[in-house]
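In: have a look; sequence and predicted model below, questions after that.
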Amino acid sequence: MALSPQKVRANERIRSAQIRLIGAAGEQFGIVTPQEGLQRAQEAGLDLVEVAAATTPPVCRIMDLGKYLYTLGKKEKESRKKQKVIDIKEVKMTTKIDDHDYQTKLRNARRFIERGDKVKLVVFFRGREIVYVNTGRQLVDRFIQDLADIAVVERNDGLEGKAIQVYLTKGAPVKKKEASSNEPASGNPPPQKTE
């Protein structure tokens with residue numbers, strides 16, 4: 001875990017009674033007082049920087065503080081750059097959806113999933129439509145089946161209030177291995193032909 005530049009302790013800010021000191025070239029000086037470490041750092045024209053505060057005693061190194069903070073900031077920026085932000089896109093429909101509208105919603109959901117986003121499918125019931133819950137479940141099953149080649153169900157909340165909610169994410173379903181026709185089902189090898 002990299003420290004943020006605001007949490008780095010250096011020079012006079014080190015408050016421990018003793019520290020384990022490492023020199024600028026990596027040499028070990030052993031356990032010394034922070035004052036002795038600071039004096040050696042000033043002689044070298046560098047700073048005394050606490051690099052491992054969780055250990056007992058804390059590990060401090062003689063190094064250039066500005067360069068250290070720059071590399072910390074650069075590593076933090078690089079790690080943020082590599083993060084993938086996954087959005088949850090919502091697709092809403094009712095049980096009275098027309099086939100053309102259904103195909104449009106399906107096409108949009110496919111595009112979202114291929115892009116790497118998650119899709120939240122919501123089939124909601126207005127007023128007395130709640131008596132057609134089975135129709136809503138069939139619609140959800142049809143939607144899941146139509147996206148089965150690229151998406152899997154991550155979470156199926158079922159009916160909550162007046163809506164059915166299902167979360168879909170990218171991934172192909174795991175296919176079961178089928179026994180090939182030329183191998184016996186018992187697992188024994190086929191008999192050898194003798195001539």
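Out: Good, I have the coordinates.

In: please make it C-alpha for all contacts and neighbour counts, starting now.
Out: Fine.

In: mind naming the longest strand for this protein?
Out: strand 151-160 (DSSP state E).

In: which element follows that one toward the C-terminus?
Out: Next along the chain after strand 151-160, taking DSSP states H and E as the criterion, comes strand 163-170.

In: what's that next one in contact with?
Out: Strand 163-170 has contacts (C-alpha atoms under 8 Å, 6 or more residues apart in numbering) with 113-114, 116-125, 136-137, 140, 150-159.

In: what angle do it and strand 151-160 make?
Out: 170 degrees (axes from the mean of the first three to the mean of the last three C-alpha atoms, to 10 degrees).

In: where does pLDDT dip in the chain?
Out: Residue ranges of the chain with pLDDT under 70: 1-7, 173-195.

In: now do the helices in the chain.
Out: 34-44, 65-82, 99-115, 133-146 (DSSP state H).

In: closest to Q18 out of these?
Out: Nearest of the helices of the chain to Q18, taken as C-alpha to C-alpha: helix 34-44 at 6.2 Å.

In: what is the burial count for I22?
Out: 21 (other C-alpha atoms under 10 Å).

In: my read is that it contacts M63, right?
Out: No. With contact defined as C-alpha atoms under 8 Å, I22 does not reach M63; the gap is 9.3 Å.

In: need the helices of the chain in JSON lines with mean neighbour count, can you?
Out: Below are the helices of the chain laid out as JSON lines (neighbours: other C-alpha atoms under 10 Å):
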{"stretch": "helix 34-44", "mean neighbour count": "17"}
{"stretch": "helix 65-82", "mean neighbour count": "13"}
{"stretch": "helix 99-115", "mean neighbour count": "15"}
{"stretch": "helix 133-146", "mean neighbour count": "16"}
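
In: done for today, thanks.
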